[in-house]
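Participant: Fold the following for me, if possible:
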Amino acid sequence: MRTTHSRRAAVIGCALLGAVTAACGSSVPGQAGPVSTTSTATSPTTTDDVVSTDPAVTTSGSVPTPITDGLVVADVARMQPGDGGTAGSVVSAVGSHLFRDTRTPSENSVISPYSIYVALSMTEAGAGGNTDAQLQTFLGDPDPAASVTAVDAAIAEAVRESNEGLPTGSTAKGSVVESANSLWTQQGLAVKPDYLAALGAGFGTGMFQTDFAGDAAGSRDRINGWVGERTHDLIPELLGKDDVSDQTKVVLVNALYLSAQWDKAFHQTAKGDFHDPDGQATSVPMMSASGSYGYASGKDWESVSIPYRGDGLAMTIILPAEGEFEKVAGSFDADLLAAATAGDSSGKIDLTLPPFTAGSRADLAEPLIGAGVTDLFDPGTVDLSGVTGEPGELVVTRVIHQAIVEVDENGTTAAAATAVTAESGSAPNPDPPKEFVVDRPFFFVIHDTTTNAPLFLGQVVDPTQS
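Facilitator: Numbers count the residues shown, from 1 in each chain. Below is the predicted model of the structure:
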């Protein structure tokens, strides 16, 4: 009987970050080792890097082997990428659902659909029975790791292209992406080798062992330090004091660092009026640029896609018609995001928008339960026996998510941490250039341009909020 097993707690965590000035390396899915995707990047060389395909930290043999610093890795290569179209659709569906459930109408807010998707996919790899079925249904893919690798591959290619042809001594910088995942477990917990192999193949990660039971605070600090290092200190405290206890057995973490400059920089302009949801105007800084941006429109909204250097990454601004902000927010789904990010770029647009910052922190447990992922949080029905033990022995207690995005005339800085039908169409831009002025609440999506999977999805109701 499941009720005879002692209850063990798990926290799912994931951190995702973007900034404008750093360098990084990104592992290309399906290859035997990490491939540098920036001119200044190097492959991981320390044992603190949990990349199971890195020769510096993997060990020979088919059985996961502990090495220094409590790290256990499986000697496996990353799986081949799945279908890019499927990946974009399923990550968009997960992201739009959770965005609708977590946003606060009166505040700037943002989530990272990709980061959440990765953390939940790592969880699904160890789920069984109805717990697995619920996760697969929510994630929209019977093999969500394949969708993760498809997005990883698209991002790696985008970063590579952005770094081509950079002139020596130029201030221009290519896009940067660093991605890392990790599993943290109580010392002595019998994690199944097949699960470690699945994490290595699907997510390029291994396992750290720590002592939650004897030193919960120290274990929390160690995880937060790992996240802080990989997010360049933009997420210094993913897990709060109440998120880890002596009952914690497992923590899953995803960290992603992204840095991108606009393909064409904006220039500061005179201040302009920005109208809040009630129509009240506030004078705010503005920035402008002109270019052949992708443009699309749907029922009660229009969008413009702004490329980062190399065109492999972009930010799409979705501007609702006046008075229709909440209506558009309620209609967010994968179809709307697909329509908004697939605009036509045949004409020129004069674009004006405010620099902004958006940030959020939330526990996603309740939204996930509301979406049908119920067994994961119920000790009477949960089945994470693919990770360790028998069904009911390991139950998820929290899914912590934190995100921040900063946008200015040079590019974007974004960070996130998680401890998971509009009518559309392209319209030809008129000549002279179409004026696209973002002077009222809007939504934004940061995505790759191959799968269009949203890395960040948020809203801005007040560009002066910090």
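
Participant: hey, where'd the helices end up in this protein?
Facilitator: 84-102, 113-124, 129-139, 144-162, 193-203, 216-230, 325-330, 334-340, 365-370 (DSSP state H).

Participant: for this structure, which spans come out with low pLDDT?
Facilitator: 1-71, 413-432 (pLDDT under 70).

Participant: Give me the domain ranges for it.
Facilitator: Domain assignment of the chain by automatic domain parsing yields the ranges 2-261+358-405, 267-355+421-460.

Participant: so which of these gets nearest Ser466?
Facilitator: domain 2-261+358-405 (8.2 Å; Cβ to Cβ). Yep, even glycine has a C-beta here, placed from its N, CA and C like the rest.

Participant: which non-adjacent residue is nearest Pro142?
Facilitator: Spatially, and ignoring its direct neighbours in sequence, Pro142 is nearest to Gln136 (5.4 Å; Cβ to Cβ, 6 or more residues apart in numbering).

Participant: There's contact between Phe138 and Gly95 in this structure, I believe.
Facilitator: No: contact criterion Cβ atoms under 8 Å: Phe138 and Gly95 do not qualify, at 11.8 Å.

Participant: ok, back up a step: just say which of the helices of the chain is most tucked in.
Facilitator: Highest mean neighbour count among those (mean count of other Cβ atoms under 10 Å): helix 113-124, with a mean of 29.

Participant: tell me the angle that helix makes with helix 129-139.
Facilitator: 160 degrees (axes from the mean of the first three to the mean of the last three Cα atoms, to 10 degrees).

Participant: What residues does Gln187 make contact with?
Facilitator: Going by Cβ atoms under 8 Å, 6 or more residues apart in numbering, Gln187 touches Gly70, Gln209, Thr210, Asp211, Ala213.

Participant: at 10 Å what do you get?
Facilitator: Neighbour list for Gln187: Gly70, Gln209, Thr210, Asp211, Phe212, Ala213, Gly214, Ser219 [criterion: Cβ atoms under 10 Å, 6 or more residues apart in numbering].

Participant: Among those, which ones are in strands?
Facilitator: The strands, defined by DSSP state E, take in Gln209, Thr210 from the contacts of Gln187.

Participant: so how far is Thr149 from Leu368?
Facilitator: Going from Leu368 to Thr149 by Cβ to Cβ, to the nearest Å gives 23 Å.

Participant: repeat for Asn163
Facilitator: Look at Asn163 and Thr149: by Cβ to Cβ, they are 21 Å apart.

Participant: one step back: need the winner for burial among the domains of the chain.
Facilitator: Buried most deeply of these, by mean count of other Cβ under 10 Å, is domain 2-261+358-405, with a mean of 21.

Participant: distance between it and the chain's centre?
Facilitator: In terms of Cα atoms, centre = their mean, to the nearest Å, the centre of domain 2-261+358-405 is found 9 Å from the chain centre.

Participant: go on, stretch 281-292?
Facilitator: With Cα atoms, centre = their mean, you get 27 Å for stretch 281-292.

Participant: do the same with stretch 296-309
Facilitator: 21 Å.

Participant: From one end of that stretch to the other, what's the distance?
Facilitator: Chord length of stretch 296-309, first to last residue, is 21 Å (Cα to Cα, to the nearest Å).

Participant: Check stretch 212-220 too.
Facilitator: 8 Å.

Participant: Distance to Gly411 added to the domains of the chain, as CSV?
Facilitator: What follows is those, written out as CSV (distance: least, Cβ to Cβ, whole Å):
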stretch, distance to Gly411
domain 2-261+358-405, 4
domain 267-355+421-460, 7
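
Participant: Quick one: residues contacting the spatially closest residue to Thr381 that is not a sequence neighbour.
Facilitator: Once flanking residues are discounted, Thr381 sits nearest to Asp375: 4.3 Å by Cβ to Cβ, 6+ apart. When contacts are counted by Cβ under 10 Å, 6+ apart, Asp375 touches 127, 129-135, 369, 381-384, 391, 395-396.

Participant: repeat for Gly240
Facilitator: Arg220, Asn224, Arg361, Arg398, Ile400, Ala419.

Participant: cool, and Gly323?
Facilitator: Gly323 is in contact with Pro277, Gly279, Asp300, Arg440, counting by Cβ under 10 Å, 6+ apart.
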